[in-house]
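[1] Quick one, fold the following:
(chains A, B, C, D and E, ligands or ions: 4)
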Amino acid sequence: MTTTVIEASGLELTFQTSDGPVHALKDVNLQIEKGDFVSFIGPSGCGKTTFLRVMAALEQPTGGSITVNGMTPEEARKNRAYGYVFQAAGLYPWRTIAKNIKLPLEIMGYSRADQDARVEAVLKLVDLEGFGGKYPWQLSGGMQQRASIARALAFDADILLMDEPFGALDEIVRDHLNEQLLQLWARTEKTIGFVTHSIPEAVYLSTKIVVMSPRPGRITDVIESPLPKERPLEIRDTPEFIEIAHRVREGLRAGHSYDE
Amino acid sequence: MTTTVIEASGLELTFQTSDGPVHALKDVNLQIEKGDFVSFIGPSGCGKTTFLRVMAALEQPTGGSITVNGMTPEEARKNRAYGYVFQAAGLYPWRTIAKNIKLPLEIMGYSRADQDARVEAVLKLVDLEGFGGKYPWQLSGGMQQRASIARALAFDADILLMDEPFGALDEIVRDHLNEQLLQLWARTEKTIGFVTHSIPEAVYLSTKIVVMSPRPGRITDVIESPLPKERPLEIRDTPEFIEIAHRVREGLRAGHSYDE
Amino acid sequence: DAVKLQLKWVTQAQFAGYYVAKDKGFYSDEDLDVTILPGGPDIAPTQVIAGGGADVMIDWMPSALAAREKGLPLVNIAQPYKHSGMMLTCWKDAGIEKPMDLVNRTLGVWFYGNEYPFLSWMAHLGIKTDGKGPDSVEVLKQGFNVDPLLQRQADCISTMTYNEYWQVIDAGVTPEELITFKYEDQGVATLEDGLYVMEEKLSDPAFEDKMVRFVRASMKGWKYAEENPDEAAEIVLDNDASGAQTEKHQKRMMREVAKLTADSNGTLDPADYERTVKTLLSGGSDPVITKEPEGAWTHVITDKALN
Amino acid sequence: MIEVILALILWAFGWWVNVRLAEGPMARTRAVRLAVPVIFGITVLLVWELLVRGLNVPMVILPAPSLIVTRFVTSLPVLWVDFRQTILKGALSGYVIGCGAALLVAVLVDRSDFLRRGLLPVGNLVAALPIIGTAPILVMWFGFDWQSKAAVVVVSVFFPMLVNTVAGLAQTSAMQRDLMRTYAAGYWQSFFKLRLPAAMPFIFNGLKISSTLALIGAIVAEFFGSPTMGMGFRISTSVGQLALDMVWAEIVVAALAGTAFYGILAAMERAVTFWHPSQRG
Amino acid sequence: MKSVLAVLTVLAAIVAIWYAACVPMNIKGVLTDLERAGAQVVPEGAVARRDRGAFGLVAKNSFAISATWAQERPRLPAPHQVAVELWQTTVMKKITSKRSLVFHAWVTLSATLMGFAIGTGLGILLAVGIVHSRVMDMSVMPWAIVSQTIPIIALAPMIIVVLYSIGVQGILPKAIISAYLSFFPVVVGMVKGLRSPDAMQIDLLKTYNASPAQGFWKLRLPSSMPYLFASLKIGIASSLVGAIVAELPTGAVAGLGARLLAGSYYGQTIQIWSALFAAAILASVLVGLLGVIQRITLKRMGMA
Ligand SMILES: Nc1ncnc2c1ncn2[C@@H]1O[C@H](COP(=O)(O)OP(=O)(O)OP(=O)(O)O)[C@@H](O)[C@H]1O
Ligand SMILES: Nc1ncnc2c1ncn2[C@@H]1O[C@H](COP(=O)(O)OP(=O)(O)OP(=O)(O)O)[C@@H](O)[C@H]1O
Ligand SMILES: [Mg+2]
Ligand SMILES: [Mg+2]
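    Ligands and ions are numbered 1, 2, ... in the order given. Coordinates of the predicted model:
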């Protein structure tokens, strides 16, 4: 049984800039089911971030409609339905890792004891036990990024939106985090929206790969992944994997121009 | 006939920090021949950047020896033997793209006419014709990075050192630039030192892949690539390619720890 | 009863009478609680009294009359200073012997309401004040000290007999090196340190009574100070919060001040007033007052206080 | 009393108009950006006028704006003389000399790490000192005319300017400097092509801070002695004569001059540091 | 360590230049004094020397050089004269004495601190208003900038008198001038600081559906701290300037400004200089103290 979590139809977003209007999103139609892991891939400036922001009600669409759990994104946000992970870790430097993770909990009014328990749990989840008392700048970039994921996981959002969370990390760390993210997803049944530039990453993680192209930003292809839910890293050397990756690459290249 | 361009033996570099000494490089031995394309790969903090900086005489080794074209790196730098591309584009925001590319030419005293001709040529090389008059902040990250490569190519350095030049770009642009870089290398016979985090990129580009591991930073493997000089993008799906990539990955994993 | 007295200048023996009256209990004998507010180079007592910050103030008549013409009705209720202590002190070696020698020289003058006697003197002599010239002098706004003379930036500066003149002497200059022109001798002297109040307040009998008692006690203080100059100077020193005054200087000042107050019992001499007004009316191109003031003084208080 | 009530109503009305403008759809346009502060200013002036009249505030305490304007218009020649003496001669010459000297010294200091380490803390300290206190001394040294005012200005602008310039010259990132090293660029090449342009935002910051200091220094120094003209002279003598309208007219001149000065600097800054993120926003 | 050495070298150089400068600065006065005392001076007569260059006089009367460092009322007192005066008026006097600089410094300090507190408080409040209200931002901010071009210090006397006349007396008028001067840097710094969180940090809170108050306490305020401290340092220095200038017109009552004025009034240059140095020391102590507080606070916040 699948329930539709996010449904966009004819979505448009035009930014009014001093150089004239920028069509960041044009006629975007997409349906995301509960428990989906959806990757967004596309060249720079195609509107991936914008789309994610529209879902999280951080941006107002200028046309079309979008519903989240049957509500407007605005209402969903008021219900605290989202965990959002930005490209940069964006931890507050004046708070320790543990306090950073507590931030949303404080705001949402969780009890003191509950806060501590949850921090404990998510720190373990992202392999950061014992680092709760450290300040962000005492950690490496990869650890910071994991802390910011922990922050988004600490409260019970059922939609997790991640905007290139692993962009700044090296390949090995990235592989490791990808594996963990998959496990987490399998365990929690969250719906995940994930922006990436890396084809293997998108293919490895997703149940659905959304390929976008710029000017105006629109969806050129939606690829449903036939890969099983259980995915060891080695799956990346299987023909199915390479085949999907190839399809994604072709889709990307079609919509790409080199002046960017 | 091969001539040795860079020769390091027993190279060591220890940074004295307030937390005690950091062994950024330890007992590094490497020989780079004229016309080699050498990639450096390894986890974060393993000393890739440091090694590149030692070659460019931006850092003084604390032990061992290194020669560049038979001279000390310092002398080689005075002879303007290097073009260096940093991870961030590092263009001067108060200069237009064309003026940024002219910067080294002005400093090295090229004639006005020569400067213009060279700017024209390198802008074409990196697909930025027509953008010479723009300021860096009017361009996307990818275009900025290409401009910074153009800047390093504008003068006749025979060693090109590139520190993760494509780290911030999306995959398609990256593929495209990789292709162009290879063509350029084939055409100019430059010696290139290239730091990357991406295994496919390293394998695709290099004649020699140097795998490094941290604490202390040292070379764990040097893989000579059997791939031909002519490399279409599709070569990445050949068994040879996958085989080398596998070897690199193994080498990397061996030296990797997850606390980073 | 509370009385606030605004001084024209910083705490020094120039105001010894009031400090003595306070210290010796003459005010409290009259049931007065007097607060003495020191002035300073940039304090215009007229402005203070206009805003109600003081009940009575000490000021020179020119600035009081100017304020009156500007619509601030000030009335002189007593005049403890009979004589003017202001003079122009010049270097003898600059070749100055008589007033007309001043032309084509640089003179330091106090402004801030104190420039009027000087301007009318110059008008009297027919000397212009717009820069060096054969029939004109260059005027500087003199700061608070005698440096312009000592540094020879000016050939003459304004001094008071009881204060700045002695600072010049203290700096090591001998009286023989100097030549002084007292305004009084030049016939352009204006009345100095008098007591002024707002006209409309005087119509209040309670206030009038307070002033009567105040003037009586103050004059008692002055007479005491004239007779015991050293003690008066000590009292002043005790009241000087800046700690900058020296005993030697204050004792000397007290003696000089006594010379100026000795001839007055506090009552304003109408002849002196007339002379002041005449001087001011002839103040050259930019006269201080343009018409004869009316009701600018009263004998009501002194009559009641002293008889 | 009517005036007071009127003043309150006017205030509320002015504020209401501004709220409408600032939160309206046109808020980002140039016209509204200009209109809002102007409306605010006019409202303040009108309220001031009404309150002064309504509460019968004596002229010697606070004159009404209309009186000040009248005085301003009728005293233009005097104001011009004062302006020339204080702003053009005292403040401007001191400003040019002080800032110029600071720039030169900064370049010298910048060449030596030792000097920079030694001078910067001292400079920072001096920049925070009440330099105004030197005015009586400088008047004593340099005489009564504008030279002593210029000297006060020189002393008060020198250190803020020096500190800013030196800090600005150190503003380059390690990468930008390394780039110059890979070109084997000489000292002056890196100076003119990298450090000076990079320092410009800081230099302009120093220039802006100094501009207000210069104005204040020149005016305050006149309190300690001056020829019979100048803004400081006029202000202090006018207070003595209870000509408060004249005092305020001089304040208007000072504010106009200061704002114009600042505006010119800001325009120059925009032209020179157009590339800096703070100017692009 | 190297820095300390460098600073000491610079200071030593300044003292040396200072001593050297005393010679030409004071030579005329010294020669006049010596002549009065009967010494043979070239050329004779103060008038004759009036327009002579100082260096020429020094060359012709080199015997007088040592006297230039020991005058009673020099144009430029020598460093040791100032030091001796400072010592005598601080350590050697009871601090309750009106002749003690410590007493005067305390008077000034109390006005400074009060003004600083008022100015900082108002500045922060205004900054909060400006950051949260577009109207405030658009209408007040430009005038706040214009207000700084008004030489308020030059008007301090008048303001003091006006306040005086409406019954505000004592420490408060001084504090108000101080507050006016310290208020602007705080507003500017605080507005900058409260706006320093980047769009992403603000968006993060939005995804939590945080209220504006939560946004203020959890994000804007903490991230404004470095800016706040930077402007507090400027603010306290301006406060001190304000207090000192405000003391000038209230007459030589008490305080460093009064001391400065009285020194100037009686031509006591050494007293002026020692008051200046006392002010300088006070300023650096205040700024230094804020620096320490800044370091501690930021460290506890994990930002240093
Ligand atoms: N606030 C804004 N105002 C104006 N234009 C904007 C704004 N945000 C984004 N854009 C424009 O909208 C387009 C889509 O931007 P978006 O950030 O969504 O791209 P993206 O796919 O996330 O790119 P990247 O991979 O570089 O992050 C771009 O052309 C961008 O310049
Ligand atoms: N200037 C320096 N002072 C002290 N330690 C340094 C300095 N530069 C680098 N290091 C340390 O030396 C080690 C190697 O750094 P380096 O920058 O060469 O790593 P890298 O391989 O380039 O890493 P990355 O992939 O993150 O760029 C690291 O541990 C780093 O912290
Ligand atoms: Mg994006
Ligand atoms: Mg690196």
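[2] show me where the stretch 101-250 of chain C has strands.
    If DSSP state E, counting those that start in this stretch is used as the criterion, the strands of the stretch 101-250 of chain C fall at C:106-109, C:138-141, C:156-160, C:178-182, C:194-198.
[3] wait, which of those is closest to residue D:101?
    With CB to CB as the criterion, residue D:101 lies closest to strand C:138-141 of the strands of the stretch 101-250 of chain C, at 28.0 Å. C-betas here are computed from N, CA, C, even on glycine.
[4] low pLDDT regions in chain D?
    Across chain D, the ranges flagged by pLDDT under 70 are D:27, D:278-281.
[5] still on that earlier bit, turn the strands of the stretch 101-250 of chain C into JSON lines, columns for mean neighbour count.
    Below are those laid out as JSON lines (neighbours: other CB atoms under 10 Å in any protein chain shown):
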{"stretch": "strand C:106-109", "mean neighbour count": "23"}
{"stretch": "strand C:138-141", "mean neighbour count": "22"}
{"stretch": "strand C:156-160", "mean neighbour count": "25"}
{"stretch": "strand C:178-182", "mean neighbour count": "18"}
{"stretch": "strand C:194-198", "mean neighbour count": "25"}
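[6] looking at those strands, which is closest to residue B:135?
    Proximity to residue B:135 (CB to CB) singles out strand C:138-141 among the strands of the stretch 101-250 of chain C, at 53.6 Å.
[7] hmm, who's touching that closest one?
    Residues outside strand C:138-141 that contact it (CB atoms under 8 Å, 6 or more residues apart in numbering or on different chains): C:105-111, C:129, C:131-132, C:148, C:153-154, D:144, D:222, D:225-228, D:233, D:237.
[8] Just checking: what are the partner strands of it?
    According to DSSP bridges, strand C:138-141 forms sheet pairs with strand C:106-109 (parallel), strand D:226-227 (antiparallel).
[9] right, and those strands - which one's nearest ligand 2?
    Nearest of those to ligand 2, taken as CB to the nearest ligand atom: strand D:226-227 at 56.8 Å.
[10] Checking the closest residue to chain B within the stretch 151-300 of chain E next. Helix, strand or coil?
    In the stretch 151-300 of chain E, the residue that lies nearest chain B is residue E:299 (15.3 Å; CB to the nearest CB). Three-state assignment for residue E:299 (DSSP: H, G, I helix; E, B strand; the rest coil): helix.
[11] That one: how many residues sit nearby?
    Residues within reach of residue E:299, counting by other CB atoms under 10 Å in any protein chain shown, total 10.
[12] Retrieve the pLDDT associated with it.
    Residue E:299 carries a pLDDT value of 79.
[13] With residue E:7 instead?
    The score at residue E:7 is 86. That number is its pLDDT.
[14] tell me the contacts of residue C:229?
    C:251, C:254-255, C:258.
[15] Tell me which two in those are the farthest apart.
    C:251 and C:258 (11.0 Å).
[16] re earlier: nearest to ligand 1, out of the strands paired with strand C:138-141?
    Within the strands paired with strand C:138-141, the stretch nearest ligand 1 is strand D:226-227; the backing value is 55.8 Å (CB to the nearest ligand atom).
[17] What is the distance between that closest one and the centre of its chain?
    Put simply, strand D:226-227 sits 23 Å off its chain's centre (CA atoms, centre = their mean, to the nearest Å).
[18] so after it, what's the next helix or strand?
    The helix or strand immediately downstream of strand D:226-227 is helix D:231-240, counting by DSSP states H and E.
[19] wait, does that next one contact chain E?
    Yes: counting by CB under 8 Å from any CB of the partner chain, chain E has neighbours in helix D:231-240: D:231-232, D:235-236, D:239.
[20] Could I have the buried ones of those residues as PyMOL selection syntax?
    Entered in PyMOL, the line below selects the buried ones among those, by 16 or more other CB atoms under 10 Å in any protein chain shown:
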select buried, chain D and resi 231+232+235+236+239
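[21] Where do the strands of the stretch 101-250 of chain A begin and end?
    Ranges of strands in the stretch 101-250 of chain A, per DSSP E, counting those that start in this stretch, are A:159-163, A:191-195, A:208-213, A:218-224.
[22] Please name the strands paired to the first one in the sheet, noting orientation.
    Think strand A:159-163. Next to strand A:159-163 in the sheet, as set by DSSP bridges, lie strand A:82-85 (parallel), strand A:191-195 (parallel).
[23] Equivalent analysis for the third one, please.
    Within its sheet, and counting by DSSP bridges, strand A:208-213 is paired with strand A:37-41 (parallel), strand A:218-224 (antiparallel).
[24] List phi and psi for residue E:267.
    Main-chain torsions, residue E:267, degrees, to the nearest 10: phi 60, psi 20.
[25] Per-residue pLDDT of the closest residue to it other than its chain neighbours, please?
    Spatial nearest neighbour of residue E:267, chain neighbours left out: residue C:145 (4.9 Å); criterion: CB to CB, 6 or more residues apart in numbering or on different chains. At residue C:145, the predicted lDDT confidence score is 77.
[26] Spit out the contact partners of residue C:145.
    Here residue C:145 is in contact with C:164, C:167, E:264-267 (CB under 8 Å, 6+ apart).
[27] mind running it again at 7 Å?
    Going by CB atoms under 7 Å, 6 or more residues apart in numbering or on different chains, residue C:145 touches E:264-267.
[28] Tell me which entries of the contacts of residue C:229 lie within helices.
    Counting by DSSP state H, the part of the contacts of residue C:229 found in helices is C:251, C:254-255, C:258.
[29] What ranges in the stretch 101-250 of chain A fall below the confidence cut-off?
    Residue ranges of the stretch 101-250 of chain A with pLDDT under 70: A:168.
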